[in-house]
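Asker: I would like to see how this sequence folds:
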Amino acid sequence: MSRRDLCIIGAGPAGMAAAVEARAAGLSVTVLDEALRPGGQIYRDVTRASAARLAVLGPDYATGQALAARFAASGAEHLCGASVWHIEQEEGGFLLSYSQDGASSQVEAAKLIVATGALERPMPLPGWTLPGVTTTGALQILLKTSGVVPEGVVLVGCGPLQLLLAAQLVAAGKPPRAIVETVPAANYLAAAKHLPRALRGLGYLAKGAGLLLKLRRAGVPIYRDAQAITLEGDTTLEAVRFTSGGREQRIEATTAGLHHGVVPNQQVTRLMRCEHRWNADQHAFVPVCDTYGETSVPGLFVAGDGAGIRGAVSAALAGRLAAARIAGKSDSASAPLMQALARDAAVRPLLEALYRPCNQALSPADDTLVCRCEEITAGQIRAAAAAGAPGPNQVKAFLRTGMGPCQGRTCGLAVTGLIAQSSGRSPDETGYFRIRPPLKPLTLSEMAARDD
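Answerer: This next block holds a predicted model:
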């Protein structure tokens, strides 16, 4: 079994930047990542992207190539296709168990950086389990990895990723049929007070305006303040029905992408029993971290969107900052990184106020499926809460919510939200699923074929 100064879980912008920084300081580093190539979700497959694909996906995506090149040259050990399924805290560090190539192995590390990024927020709507309905992130993954561009897709929800994918589809010559946006007019007023601060991140505002201009020139219709959204179909998606501007609309479509923003991936930090708090602005749980990303578990750091949603630029900066701390660099040496992080995060309050989740997704109708794995409806969860279940773990015992293959990744926040609404308690008081090993489904043969 090998031992490292530092192990990093995830090879996205935070993980790669942390590895480069740590190796420059002379630390031994192992990076474990489920993907076969570095990049994470934001830079997925950037190392083999063709010039044509780079042109479609845009310059922000292309910047990942330089970071991936520095990572490859850093000398860090990169275990690709490695799924971490358990972590144990031990004297002097951590013991990570992971599966790779059909067998399980272990690695020890004095320090650990969790750079597992974000997950798309659940958006339970009537019909969201129909074939043809997926997430916007999944559609973008198809575009990045395979160059697959859906025909006539309808994008439903809100957030910068919706606009970005729509613009990328325009660039690929297959613009979306429509964008069904759930942002109410009140959100624009709430976001306006954050505009002076957001001007520090003028580049992001300019990019957003540029995406909207591109979509307008392409003639992509955007339906504002969409409500009462239903995804219709018997055996597959046939249409998206909703109201906008007081009028009922129905758009025929065989593919729809749902998106309601992204939230921190809590699986590892919950497994390690790190302290978490509810972030009302991001409407999600985040691990409690200090300035450098160290959690309530000494030696365990979180870098990137797993510590709170900030985007790729901030993720790379946070990865460097955590690695600098682990390498023993002084506060003054890290000050430029902190300042850069503050500048890059200036636009976040505006985005969070503008793209707050819509009420329909936060409080779905009783007959809407919430836990897709176990086919549990919102009404069943409300009934369990009314029967005295105080939190998600008790509802799990009643209904098996969160016990399927996704282990609560898809339904977790929705279950917490429904229980909190039913009980009148805060999300912090309600809590979240208790995560246990294995973090991902694991075969007995993988456990039996351990390298020790």
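
Asker: does anything pack onto the host helix or strand of Glu446? Which helices or strands?
Answerer: Using DSSP states H and E, Glu446 sits in helix 444-448. Of the remaining helices and strands, those touching helix 444-448 by 3 or more Cβ pairs under 8 Å, 6 or more residues apart in numbering; DSSP states H and E are strand 103-114. Heads up, the C-betas are built off the backbone N, CA and C, glycines and all.

Asker: note down every partner strand of the strand it packs on and its orientation.
Answerer: If you go by DSSP bridges, strand 103-114 pairs up with strand 2-9 (parallel), strand 93-100 (antiparallel), strand 300-302 (parallel).

Asker: was I right about Glu294 contacting Leu300?
Answerer: Yes - judged on Cβ atoms under 8 Å, Glu294 makes contact with Leu300 at a distance of 7.1 Å.

Asker: looking at the two, which is more packed in?
Answerer: Neighbours per residue (other Cβ atoms under 10 Å) separate Glu294 from Leu300, with Leu300 holding more: 23 against 20.

Asker: how close does the residue lying closest to Asp5 once chain neighbours are set aside sit to Arg409?
Answerer: Distances taken as Cβ to Cβ, 6 or more residues apart in numbering place Leu27 nearest to Asp5, at 4.1 Å, with adjacent residues excluded. Using Cβ to Cβ, to the nearest Å, Leu27 is found at 31 Å from Arg409.

Asker: ditto for Glu352
Answerer: On the measure of Cβ to Cβ, Glu352 and Arg409 end up 22 Å apart.

Asker: quick one: the strands in the stretch 151-300 of the chain, in order.
Answerer: In the stretch 151-300 of the chain, the strands defined using DSSP state E, counting those that start in this stretch lie at 154-158, 178-181, 222-223, 227-232, 239-244, 247-252, 256-260, 262-264, 276-279, 284-287, 300-302.

Asker: out of those strands, nearest to Ile326?
Answerer: strand 300-302 (7.1 Å; Cβ to Cβ).

Asker: so how far is the closest one off the chain centroid?
Answerer: Its chain's C-alpha centre and that of strand 300-302 lie 17 Å apart, by Cα atoms, centre = their mean, to the nearest Å.

Asker: so what touches that strand?
Answerer: 89, 94, 111-115, 269, 272, 274, 287, 289, 292-295, 322, 325-326 (Cβ atoms under 8 Å, 6 or more residues apart in numbering).

Asker: what's the first helix or strand after that strand?
Answerer: Downstream of strand 300-302 (by DSSP H and E), the next one is helix 312-326.

Asker: okay, angle between whichever helix or strand comes after that next one and helix 312-326 too, please.
Answerer: Sequence-wise, the next helix or strand downstream of helix 312-326 (DSSP H and E) is helix 331-344. Put simply, helix 331-344 runs at 170 degrees to helix 312-326, going by axes from the mean of the first three to the mean of the last three Cα atoms, to 10 degrees.

Asker: how about helix 331-344: buried residues?
Answerer: 334, 337, 340-341, 344 (16 or more other Cβ atoms under 10 Å).

Asker: between those, which is nearest Leu79?
Answerer: Scanning those for proximity to Leu79, where the rule is Cβ to Cβ, the winner is Leu337, at 26.6 Å.
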